[in-house]
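S.K.: Please work out how this folds:
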Amino acid sequence: MSQVISYATLDFTINFEMNVRLAQPANPLFMLYIHNSDNLDFFRKVTTGRDISFFTWFVFIDNEAKLDCEYPQGNPFNLEMDTRMIVKCEGSLKIKKYFSIFKNTTEVVDLAIWTPGEQLVLTDDDNLLQVKKDMKGITLRIARHKYLANEPNNAIANYLESLVNTLANISNFKTKVVLEVDQYGYRNATTNQWVGLMKSMDEKEADIAELLFSMSADRMQVIDYTMPLMRAQTRFYVKLPDTVKIRWSAYFQVFNRNVWAAIGIFLLLLSIVLTFMKNEHGRFVNVHSFFGNFIDVLGIYCQQGLPELPVNTPLKMLYFSILILSLILYAVYSATITSYIAVLTAGLPFSTYDEFLHNKAYKLVILRGSRDELLIHSNDWLLGPLENKMKKHDELPSNAYEAFQQACEENVALYANEVMFDSISEDVQCALGWLETSRIENQAMGLTKNSPYTETINYYILRLLNHGILSRMKSAYFYKLIQLPENKPNVISISEITPILAIWLIGVATSWIIFYIEILFFKKSLYKSKKPSHINIRHYTWRRYHLFLYKIYQLNLDTR
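M.R.: Below you'll find the predicted structure:
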C-alpha cells in the first residue's frame, strides 16, 4: 500500500506512523523528494527531536537543494546511528547510505551504482547490513551492580566484562563506568515506579547495563535487550543435611511391585503343592499343614534350614528347586540392596514443589530488588503461592554471595537460576542440593529503550556466537571443574538401623502373641474336658516357653 503526501502533512503523518509503530511492529517506507533547500529546511524542522529510525527512508535530492551528497555538512536529516536512509542524488549514479554516529556529523557509505537502462550493481554486499558500522571511538556509558563490580572472582562479572571489551574492540567504541547500583530493579506495585538499575536505565543515565537480566515483557517497556546470552534453569537451592538416613522403603525398592507380587504368589503356590504332596492320601487339606509348609518355604527363602528332612524323592527335588531359586533371588537382592544402603546420598527436606509449599520449617529467599520480587507479589503461577513463605523484605539478600550464605546457614530455600549458582559455586561454604522448576529464563544485557546501538551490538554478538567465541568465553568462566566442600563423616545412628530393629521386634512380638493365644486355647480346651485336671497349667506353660527358647537357639545356630 502506497500514498503520496505533501510536505504540509509530513508532520502529522510522522506523528501518526510513530504511534502505530509503538502499538505494533511496523516499518513503513518513506520515499522523500528534496527539490530545493526549503524542502530540506522543512524536513529538518519537522524531524528535530524525533527519532526517525522508526522508519525506512529513500531520499531523492535535487541539485537545487544545494547539498553536498558526497560529504554532507553537519547532520541535515537529524539522523541516528540506526537510521535506515538510502540516498540518490541528481547527477550521480551512486546509491548511498546515510547515518550518524555523532550528533553533528553524517556518515556516508556507497551501496550500489544505478545506471539508467541497466540493473543495479552492488559495490559491497556487506554495506547492505545496516548494523555493520564503525562506531568511530564513541564512548558508551556502562552501569554495573556494586557486588559484581567489587567481586573479582565472580564468573558473571568477568564474562560480561570480557564480552563488552570484545565488542568494544571489534566495533570501535570506548566504555566508561558511570553507575554502580545495589539492585537489579523492579516495578514497585504500590507506587508503580521502577527502582534500582531499571529506574536508572529508564532515565537514560547509562547506555549499557553490564548485567544479566532475565528477559520479561514488563522490563521491555523500559529497556532494550541484547541477544540472549544465557539460558538458565531456575531452581530452589537448599542445604543438604550433614547426615543421611536410610529410608524404610529402601528395603523394598530392590524389586518393583510386579516382582514382589510374583514372589508372593509363587510362595503360596509352592506351599499348596507341598501340602498336597505331603497329604496325598488325605481327602481334605489341613490348614495347619498349609501354614507349616508356608513357613518352611519362607524359611528357605530367608536362608533357614528345614525342621526335618523330606522322605520321598519328589519332595527332595521340589525342596532342591526351591533352594536354587531362593539362592538366585537372595544373590540379586543382596547385590542390589547394597547400592541403596552402602552408597548413601543425602536427600532434600522436600522432593516436590507441593511438599515445599506445605513445609513450615523452610522459608523462601530471593534477591532483594530483583524481578522475582515483582513476580511473587503479582500472582505468578510459580512464586505467587509462596508469598507467605518469603522472608521480610529487609531480611532478603542483596547479592548472590549473601543469598547462598543464607542458604547454608538457615532453614531457607533460595530461588535462583543455575547461572547465578555457577558464577559463585567456588565460594559456597556448604553442599547444596536443588529442586528444579519448569521455568527456564533467557538472560541478556540491557540497553536504554530505543537505543541507536542495539542493532549494531546485537549484530556483533551474533557474529561472536556463530564463530564459537561466546561458547569459549562461557567455558572459560563458568564451566570449571569445581571441588565441592566435603561433608562431615557420616556416623551411623540408631535411626539408621531402625528398620532392622523394627523387623526383629515385630517378629518377637508376633511370636509372643501367638504363644499367648496358644496358652489361652489350651486353657479353654482343658477346662471343657470331662477328664479331671491333673495337669499343672503353670508347668505346661513353662515347658512350652523353654521349648520356644530352644527353637530360637537352634534358629540362631542355623543362621551362623
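
S.K.: quick one: buried residues of the helix ranked longest in the chain?
M.R.: Assignment by DSSP state H gives helix 498-528 as the longest helix of the chain. For helix 498-528, the neighbour count (16 or more other CB atoms under 10 Å) marks Pro499 as buried. Quick note: C-beta positions are derived from backbone N, CA and C, even for glycine.

S.K.: If you average the pLDDT over it, what comes out?
M.R.: If you average the pLDDT over helix 498-528, you get 79.

S.K.: Which other helices and strands does it contact?
M.R.: helix 537-559 (3 or more CB pairs under 8 Å, 6 or more residues apart in numbering; DSSP states H and E).

S.K.: quick one: the strands in the chain?
M.R.: 29-34, 56-61, 84-89, 94-99, 107-113, 121-122, 138-145, 173-181, 208-214, 223-225, 230-239, 363-365, 412-417, 432-448 (DSSP state E).

S.K.: Count the neighbours of Leu382 for me.
M.R.: The number of residues packed near Leu382 is 15, by other CB atoms under 10 Å.

S.K.: Tell me which residues touch it, please.
M.R.: Neighbour list for Leu382: 234, 375, 437-439 [criterion: CB atoms under 8 Å, 6 or more residues apart in numbering].

S.K.: Which residues are in contact with the closest residue to Val121 other than its chain neighbours?
M.R.: Excluding the flanking residues, the one nearest Val121 by CB to CB, 6 or more residues apart in numbering is Ile113, at 4.7 Å. By CB under 8 Å, 6+ apart, the residues touching Ile113 are 93-95, 120-121, 123.

S.K.: neighbours around Asp82, how many?
M.R.: Using other CB under 10 Å, Asp82 has 20 other residues around it.

S.K.: And the pLDDT at it?
M.R.: Asp82 is assigned 87 on the pLDDT scale.

S.K.: can I assume it is in contact with Thr454?
M.R.: Yes: assessed by CB atoms under 8 Å, Asp82 is found in contact with Thr454 at 7.0 Å.

S.K.: Name the residue closest to the centre of this protein, please.
M.R.: Note on the chain: the residue nearest the mean C-alpha position is Gln233, at 2.2 Å, using CA atoms, centre = their mean.

S.K.: thought that one was touching Ala416?
M.R.: No: with contact defined as CB under 8 Å, Gln233 does not reach Ala416; the gap is 10.3 Å.

S.K.: Let me see the domain layout of the protein.
M.R.: Domain assignment for the chain, taken from automatic domain parsing, gives 7-128, 248-332, 494-559.

S.K.: least reliable of those domains going by mean pLDDT?
M.R.: Looking at the domains of the chain, the bottom one is domain 494-559 with a mean of 67.

S.K.: What count of nearby residues applies to the nearest residue to Ala232 once chain neighbours are set aside?
M.R.: With sequence-adjacent residues excluded and distances taken as CB to CB, 6+ apart, Ala232 is closest to Asn417, at 3.7 Å. If you count neighbours by other CB under 10 Å, Asn417 ends up with 22.

S.K.: Any idea what Asn417 is bridged to?
M.R.: Thr234 (DSSP bridges).

S.K.: OK, contacts around it?
M.R.: 214, 232-235, 441, 443.

S.K.: Let's see the pLDDT reported for it.
M.R.: Note on Asn417: pLDDT of 94.

S.K.: Distance of it relative to Leu432?
M.R.: Per CB to CB, to the nearest Å, Asn417 is found 14 Å from Leu432.

S.K.: Please apply the same query to Ile376.
M.R.: For Ile376 relative to Leu432 (CB to CB), the value is 21 Å.

S.K.: Then Ser162?
M.R.: With distances taken as CB to CB, Ser162 is found 27 Å from Leu432.

S.K.: higher neighbour count, those two?
M.R.: Higher neighbour count among Ser162 and Leu432: Leu432, with 20 against 13, using other CB under 10 Å.

S.K.: okay, now the closest residue to that one other than its chain neighbours: neighbour count?
M.R.: Spatially, and ignoring its direct neighbours in sequence, Leu432 is nearest to Tyr237 (5.0 Å; CB to CB, 6+ apart). Residues contacting Tyr237 under the criterion other CB under 10 Å number 24.

S.K.: follow-up on the earlier one: make CSV out of the domains of the chain and add distance to Asn388.
M.R.: Converted to CSV, the domains of the chain look like this (distance: least, CB to CB, whole Å):
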stretch, distance to Asn388
domain 7-128, 39
domain 248-332, 31
domain 494-559, 32
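
S.K.: Select, out of the ones you listed, the one closest to Ile469.
M.R.: Nearest of the domains of the chain to Ile469, taken as CB to CB: domain 7-128 at 19.2 Å.

S.K.: Can I get stretch 430-438 in PDB, CA atoms only?
M.R.: C-alpha atoms of stretch 430-438 as PDB (Å, rounded to 0.1, in the frame of the first residue of the first chain):
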ATOM      1  CA  CYS A 430      28.400 -25.900  52.100                       C
ATOM      2  CA  ALA A 431      27.000 -28.700  49.900                       C
ATOM      3  CA  LEU A 432      23.700 -27.600  48.300                       C
ATOM      4  CA  GLY A 433      21.000 -29.600  46.600                       C
ATOM      5  CA  TRP A 434      18.300 -28.200  44.400                       C
ATOM      6  CA  LEU A 435      14.800 -28.800  43.300                       C
ATOM      7  CA  GLU A 436      14.300 -27.900  39.600                       C
ATOM      8  CA  THR A 437      11.300 -26.000  38.400                       C
ATOM      9  CA  SER A 438       9.700 -25.900  35.000                       C
END
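
S.K.: Mind listing what's buried along it?
M.R.: Counting neighbours by 16+ other CB under 10 Å, one finds that the buried residues in stretch 430-438 are 431-435.

S.K.: which residues does the residue nearest to the centre of the chain contact?
M.R.: Counting by CB under 8 Å, 6+ apart, Gln233 touches 417-418, 436-437, 439-440.

S.K.: one more time with 7 Å, if that's ok
M.R.: 417-418, 436, 440 (CB atoms under 7 Å, 6 or more residues apart in numbering).

S.K.: Just name the closest of the residues you listed to Leu306, please.
M.R.: Using CB to CB, these come closest to Leu306 at Glu436, 52.8 Å.

S.K.: my read: Asp427 touches Ala403, true?
M.R.: No: look at Asp427 against Ala403 with CB atoms under 7 Å: they stay out of range, at 11.5 Å.
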